[in-house]
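**Q** A structural model of the following input is requested.
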Amino acid sequence: MPAAAAAMGTSGATTRIGLTLPGMTHRTIDVDAATLFRTLMSDFFSQDDGTLYVQTGDIPAMWLRDSSAQTLPYVRFATAYPQVAVIANGVIQRNAKNVLTSPYANAFTAGYQLWEEKWEVDSLAYMIALASVYWRTTSDRAMYTQRLHWAFEHIVTTYECEQQHDVCSGYRSRFLDNHGRGADHAYTGMIWSAFRPSDDPVRYPYNIPQQLFAAYELEQLAHLALVGYNDVPLAERARALAAAVRLGVERFGEVYDFRHGWMFAYEVDGLGHSVLMDDANLPNLLTLPLLNLIQRDDPLYVNSRSFSLSSDNPYWYRGQYGDGLGSPHTRTGWVWPLGIIGEAMTSLTPEDLADRLAELRTLDGQRGLFYESVDPDRPWRYTRGDFGWANALYAELIFRSVAWLEPAPDERRLVPGLLGATYETPKVTTPTQAWDAAATIYTALRQILSGG
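**A** Residues are numbered from 1 along each chain as shown. All right, here's what the predicted structure looks like:
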């Protein structure tokens, strides 16, 4: 039995949130609040070493990225419910051990064996993100174990090595061209990567969304190193690396497209070549403000978003029942609910967000649980019937836009410019409706935790 279910019990009670969506047409949906905790109840497993193993839905492996993303929406409840704090810290400590097993692996088995060793810059950044949000929310010093300190050191050392990939790294992959070395590239100050957030091989080794995400999270790591361990040298290394990455993005990652103007490339090689595309998997160009990597009204982002959600992006698809980002990871023409959720969370207006909520309801077959990808013309055709990351991100969307339950902000605002103020998702409810929705969500979680 999943650890969370065993520790918390299960509940047959149903608590529903009824919504009338804003817009020109009258649309209503309802959300089963208990379903918002599906991944927490079914994908988290307690281990004998006191950590939490998180399965990515229907694949029996723990991704650094997915496990962190599956945990993040629930950290906001950790101060009200100590059981949730135990779970979140258990995931943090588990991923610390995973990183110490191999900082180059993206996924692990329950027995700390390598499931995949696809080097992805964002994997290590996600691990930092969960620790940072947990600390900002709880101020729980129990998080600061010696093992986590070692993991932070491994992360910075690995990033520094891959910044100097040609002279430092021996990483090779059978999925890359050029005898496993990948495309030719120049030094840019950015961090060399072999795979995208989708787990697909890169065309060029500097994936811009990954670089921006890593720079931001390195700043968070620097803060945690100081607060948790008084480790000034590690903090200085992390900040220097973050600054170099941001400068590299500024010099090499911004490109001009005659249709959309100045925007971010998806990937570059530092030699003048770039890939213009966007992918449903986060981090991507579409969700940069959601991850606090750029201001929502920055012209670079506005143009990048315009490109991402247009037919100029080779992985944006339209069908009879919806449109949105897809991925080369799945079939051509199939959209990812994960991409639609990311679009919703970065919407400019409540009406736009409501349109995406209605579209999600059409594509998920009224279940409130989401596939990896779906055919927008025949939504009964899909890949992966149980995708924990999408279910968790949908919960985050409802928490923010319906119940007004924002995550703990990063009040330090460490870096001006690219790293702007904490982003807030548009709201589709009135304050009174939001209060009722929040009460329903807390009731559902309390029933789950108590087993009643």
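**Q** how close does the closest residue to residue 61 other than its chain neighbours get to residue 217?
**A** Distances taken as CB to CB, 6 or more residues apart in numbering place residue 115 nearest to residue 61, at 3.9 Å, with adjacent residues excluded. Yep, even glycine has a C-beta here, placed from its N, CA and C like the rest. For residue 115, the distance to residue 217 (CB to CB, to the nearest Å) stands at 23 Å.
**Q** now do residue 233
**A** For residue 233 relative to residue 217 (CB to CB), the value is 19 Å.
**Q** Those two: who's more crowded?
**A** A direct count of neighbours by other CB atoms under 10 Å for residue 233 and residue 217 places residue 217 higher, at 27 against 10.
**Q** hang on, residue 80 packs against residue 441?
**A** No - counting by CB atoms under 8 Å, residue 80 does not reach residue 441; the two are 11.1 Å apart.
**Q** low-confidence ranges in the protein?
**A** 1-14, 24, 26, 365-366, 411-421, 452 (pLDDT under 70).
**Q** Tell me where the longest helix sits in it.
**A** helix 208-229 (DSSP state H).
**Q** Next secondary structure after it?
**A** Note on helix 208-229: by DSSP states H and E, the next helix or strand toward the C-terminus is helix 232-248.
**Q** So what touches that following helix?
**A** 152-153, 156, 159-160, 163, 188-191, 206, 211-212, 214-216, 218-219, 221-223, 225-226, 270, 415, 418 (CB atoms under 8 Å, 6 or more residues apart in numbering).
**Q** May I see the PyMOL selection of the buried members of those?
**A** Typed into PyMOL, the line below selects the buried ones among these, using 16 or more other CB atoms under 10 Å:
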select buried, resi 152+153+156+159+160+163+188+189+190+191+206+211+212+214+215+216+218+219+221+222+223+225+270+415+418
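**Q** quick one: which helix or strand includes residue 356?
**A** In the assignment (DSSP H and E), residue 356 maps to helix 350-363.
**Q** Hmm, residue 409 is touching residue 422, no?
**A** Yes - at 4.1 Å, residue 409 counts as touching residue 422 under the criterion of CB under 8 Å.
**Q** can you give me the helices in the stretch 1-150 of the chain?
**A** Secondary structure of the stretch 1-150 of the chain (DSSP state H, counting those that start in this stretch): helices at 3-8, 38-42, 64-71, 82-101, 121-138, 146-163.
**Q** hey, which of the ones you listed is tucked in deepest?
**A** Comparing the helices of the stretch 1-150 of the chain by mean neighbour count (mean count of other CB atoms under 10 Å), helix 64-71 ranks first with a mean of 27.
**Q** Just the residues contacting it, thanks.
**A** Residues contacting helix 64-71 (CB under 8 Å, 6+ apart): 39-40, 43-44, 54, 56, 87-88, 91, 94-95, 98-99, 105-107, 120, 122-124, 126-127, 129-130, 197, 282, 388-389, 391-393.
**Q** Confirm residue 323 sits in a helix?
**A** No - in this structure, residue 323 is strand, not part of a helix, as judged by DSSP: H, G, I helix; E, B strand; the rest coil.
**Q** returning to what we had before: flag every buried residue along the helix holding residue 356.
**A** 350, 353, 354, 355, 356, 357, 358, 359, 360, 361, 363.
**Q** Let's have the residues you listed in CSV, adding distance to residue 447.
**A** Below are the buried residues of helix 350-363 laid out as CSV (distance: CB to CB, whole Å):
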residue, distance to residue 447
350, 29
353, 28
354, 28
355, 32
356, 29
357, 24
358, 28
359, 30
360, 25
361, 24
363, 28
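**Q** Among those residues, which one sits closest to residue 318?
**A** residue 359 (11.2 Å; CB to CB).
**Q** For burial, what's the neighbour tally of the closest residue to the closest one other than its chain neighbours?
**A** Excluding the flanking residues, the one nearest residue 359 by CB to CB, 6+ apart is residue 322, at 4.4 Å. Residue 322: 22 surrounding residues under other CB under 10 Å.
**Q** Identify the bridge partners of residue 322.
**A** Counting by DSSP bridges, residue 322 forms beta bridges with residue 319.
**Q** Ok, residue 116 next?
**A** With DSSP bridges as the rule, residue 116 is bridged to residue 107.
**Q** count of neighbours near it?
**A** Residue 116 has 14 nearby residues by other CB under 10 Å.
**Q** now residue 113
**A** Using other CB under 10 Å: residue 113 sits among 11 other residues.
**Q** Distance check, it against residue 71.
**A** On the measure of CB to CB, residue 113 and residue 71 end up 22 Å apart.
**Q** Likewise for residue 118?
**A** 21 Å.
**Q** With residue 191 instead?
**A** From residue 191 to residue 71 the distance is 24 Å (CB to CB).
**Q** Repeat that for residue 378.
**A** From residue 378 to residue 71 the distance is 33 Å (CB to CB).
**Q** same deal with residue 42?
**A** 14 Å.
**Q** wait, residue 262 sits on residue 253?
**A** No - taking contacts as CB under 8 Å, residue 262 lies outside contact range of residue 253: 11.0 Å.
**Q** Understood, closing this out.
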